[in-house]
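3D, please:
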Amino acid sequence: MGARPTLTIDAAMVRALELAARGPAHGPNPRVGAVLLGPAPRPSDSLPDAAAPGPVDASPRVVLAEGFHRGAGTLHAEAAALADARERGVDVRGATAVVTLEPCDHAGRTGPCAQALLDAGVAEVVYAVADPNPVAAGGGDRLRAAGVRVAAGLREAEGERLLGPWLVAVRRGRPYVTLKLASTLDGRVAAADGTSQWITGPAAREHAHRVRAQVDAILVGTGTVVADDPSLTARTTSPASAAEEREPGLAGHQPLRVVVGLRDLPPHVRLAPGGTWTTDGGGPVLQVRTHDVRAVLAELAAREVRHVLVEGGPGLATAFLAAGAVDEVHAYLAPVLLGAGLGAVGDLGVATLAGAPRFATHDVRRLGEDVLVVARTVPAVSSTPPAPGPRAPDVPAPGPPTPDGPTRTHGTTHRTTPEQES
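Coordinates of the predicted model:
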């Protein structure tokens, strides 16, 4: 049997980040990777006993085991690495755990990772990012109190990039919002006669479906549902693997389908209660009976939705932009000019250029004949809930609260607004 590989602590963190990226981008839990290394070669090589980015030794250590989190309900990364060690018959007493996120200190579907590391006899822990979740945080303190040497902040920037929308959502207490726009070069989403299918080409639409398969929820307004009867499923052209259980043509993950607005959905549309959404293989349907953007996001946060994709047409796009609730814009631009027709965004109340909301360009890529521009805001991380904000109009004016409360769940299938795809 060959010698086991060796890694420095820094290289082990790079490996842990690679492992974490294998986990799902969707779901309430973060993507986390862990690598267990053998004990320090010499006592002087041990970690500083401090919770701050500090020097870690550069001595190669034997890789004992590794693991990553595969999604809610499965083993956390640390527990997966410990299970890997047990399967290999490896003793991890005195080991160093290198983890991309601070080990949790709460019992949910699984036990506290900090306690699991203590029970296994791990002597040192290095993590990249402190856990911002108040329910789960505190693992580093528990480990230190038990005599484990802990160092935090190694490759923290890379760790935060990997956590992406999850980190922003948990720090801020509301979902990360991506707004999808698909328009002509002059910003039109439909011609003067209302035709819109298709403005963008197959490559752009396929990419949009891949994004759907990575988010927790897709959001449209009741106006879109009534006008376009969308299904809001995430579709794929890739065949299912032997390990996957999914309907042909559907992605393995189907996000929650959210309809915003006060009006009842007519029974003939796919997303109506008892509609064909119940048998189309897509995600569940939730109707949020409000026009208040903040109330919508609060409802989704209560359901542990971390990342929501807004696809619901110019009215909903305008409401979310006016509320300052958009974190990222996916603008699919087709090389088409209309000169007239429905615009991608309505009046934002901007009187002068200096008052216009601005985003930072994150990525630009060609998709067939179309171009995708990804632009982001600088995320706010306030721990206090935002005040009630502008309403999301799907009908001209907001109505009174419904007798049965603000929300209602049911199922449905659907295609979205004209160029927001089915």
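
ok, residue 257 - how many residues close by?
Number of residues near residue 257 (other Cβ atoms under 10 Å) recorded here: 29. Using the backbone N, CA and C atoms, a C-beta is placed for each residue, glycine as well.

should've said residue 341
Residue 341 sits with 18 neighbouring residues when counted by other Cβ under 10 Å.

before we move on, what about residue 281?
The tally of other residues near residue 281 (other Cβ under 10 Å) stands at 17.

so is it in a helix, a strand, or just coil?
The three-state label given to residue 281 by DSSP: H, G, I helix; E, B strand; the rest coil is coil.

could you measure it against residue 201, distance?
To residue 201, residue 281 is 25 Å away according to Cβ to Cβ, to the nearest Å.

any low-confidence regions in the chain?
Residues of the chain meeting the criterion pLDDT under 70: 1-2, 42-56, 238-248, 378-422.

center of it - which residue?
For the chain, residue 307 is the residue whose C-alpha lies nearest the centre (Cα atoms, centre = their mean; 4.0 Å).

give the contact list for that one.
Applying Cβ atoms under 8 Å, 6 or more residues apart in numbering, we find residue 307 in contact with 25-26, 165-166, 169, 175-176, 178, 214-217.

where does residue 227 sit: helix, strand or coil?
From three-state DSSP, the assignment for residue 227 is helix.

still on that earlier bit, in the sheet, who's paired with the residue nearest to the centre of the chain?
For residue 307, the beta-bridge partners are residue 176 (DSSP bridges).

and residue 367, by the same measure?
With DSSP bridges as the rule, residue 367 is bridged to residue 370.

isn't it up against residue 201?
Yes - counting by Cβ atoms under 8 Å, residue 201 is a contact partner of residue 367 at 7.4 Å.

out of those two, which sits in the busier spot?
Using other Cβ under 10 Å, the more surrounded residue of residue 367 and residue 201 is residue 367, with 19 against 15.

contacts only, for that one.
Shown in contact with residue 367 (Cβ under 8 Å, 6+ apart): 200-201, 203-204, 207, 332.

may I see the PyMOL selection of the buried members of these?
Of the contacts of residue 367, the buried ones can be selected in PyMOL as follows, counting by 16 or more other Cβ atoms under 10 Å:
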select buried, resi 200+204+207+332
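
out of the contacts of residue 367, flag the one nearest to residue 255.
Nearest to residue 255 among the contacts of residue 367: residue 207, at 15.8 Å, using Cβ to Cβ.

and the closest one, what element?
Residue 207 belongs to helix 202-212 when assigned by DSSP states H and E.

go on, residue 63?
Per DSSP H and E: residue 63 is located in strand 61-68.

what angle do the next helix or strand after that strand and strand 61-68 make?
Later in the chain than strand 61-68, the nearest helix or strand by DSSP H and E is helix 77-88. Orientation check (axes from the mean of the first three to the mean of the last three Cα atoms, to 10 degrees): helix 77-88 against strand 61-68 gives 120 degrees.
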